[in-house]
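Participant: Okay, predicted coordinates and the sequence, questions at the end:
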Amino acid sequence: MSRKSSKPVQNLLSIISPQWTLMSYMIEGGGSTTHSKAKRWLYRHPESSHMLLKMLTDVIVEYLLGQVAAGAQALQVFESHAGILGPVEFKEFSLPYLRDIARRVKDRLKEKGQDVPMIVFAKDAHYALEELSASHYEVVGLDWTIDPRSARERTGGKVSLQGNMDPCALYAPKELISDIVKKMLEGFGTRGYIANLGHGLYPDMDPENVAAFVDAVHQHSKLAVKQA
């Protein structure tokens, strides 16, 4: 949609934080730099942790199904705090539940003759790219610390990739933003790719710089497709 248009936009994408991220907020009572309270709970009370994670899974599945019923055409599961966990803990307390969300949502939608693409984003979980690409999601989101070519190789073409420009690059001059976008697109290539930031926007970012990012994606992607 043009930025000048006043027409309403249909809710195309619904985003939700999954179990571990929600659990960490519940235990910490807010944001945290260490998440030590939430991790202490995992280590001290693993059985209770799994019980809570399963309860959150049930709620998330119903929420996502409700979003599809309301018109969402794609779903994204956004595990912002994945990197707080190490590889072993991620595979125990996050990955199984991420898989369960996708499997259960897709099974329920299939019963209704529906099929909605799903995206999984696990920030800083570099160690789990292979597992995430085999977790019933069509798209794996990447944060800005992952090399696009390496991600392509490690996921083996099983999924499309999304990302992964550093959000702080939007503080740069518009000309530099265009150069950064160009390099990012060259790294990912033209197939199975959704251009995006490697995480969310910050409140003090200039909307014009965000627009410059979008314009650069359009400009450079069109040229890349022509040259492919």
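Facilitator: Ah, there it is.

Participant: When you work out contacts or count neighbours from here on, use the C-alpha atoms and nothing else.
Facilitator: OK.

Participant: got the contact list for F213?
Facilitator: By C-alpha atoms under 8 Å, 6 or more residues apart in numbering, the contact list for F213 reads 170, 174, 177-178, 181.

Participant: After the biggest helix by length in the chain, which helix or strand is next? Please name it.
Facilitator: Using DSSP state H to define each element, the chain has its longest helix at helix 46-69. Using DSSP states H and E, the helix or strand that follows helix 46-69 towards the C-terminus is strand 74-79.

Participant: Report the angle between that following strand and helix 46-69.
Facilitator: If you take axes from the mean of the first three to the mean of the last three C-alpha atoms, to 10 degrees, strand 74-79 sits at 160 degrees to helix 46-69.

Participant: Just the buried residues of the helix-or-strand element of the chain with minimal mean pLDDT, please?
Facilitator: Across the helices and strands of the chain, mean confidence by mean pLDDT, DSSP states H and E is lowest for strand 13-16: a mean of 78. The neighbour-count check on strand 13-16 (16 or more other C-alpha atoms under 10 Å) flags 13-15 as buried.

Participant: For the next helix-or-strand element following it, output the C-alpha coordinates as CSV.
Facilitator: Next along the chain after strand 13-16, taking DSSP H and E as the criterion, comes helix 19-28. The C-alpha trace of helix 19-28 is given here as CSV (Å, rounded to 0.1, in the frame of the first residue of the first chain):
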residue,chain,number,x,y,z
GLN,A,19,6.3,-20.0,25.5
TRP,A,20,9.7,-19.3,26.8
THR,A,21,9.6,-15.6,26.1
LEU,A,22,6.2,-15.3,27.8
MET,A,23,7.3,-17.4,30.7
SER,A,24,10.4,-15.3,31.3
TYR,A,25,8.3,-12.1,31.4
MET,A,26,5.8,-13.8,33.8
ILE,A,27,8.6,-14.8,36.2
GLU,A,28,10.8,-11.7,35.9
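
Participant: What ranges does the protein have for its strands?
Facilitator: For the chain, the strands defined by DSSP state E cover 13-16, 74-79, 118-122, 139-141, 160-165, 193-197.
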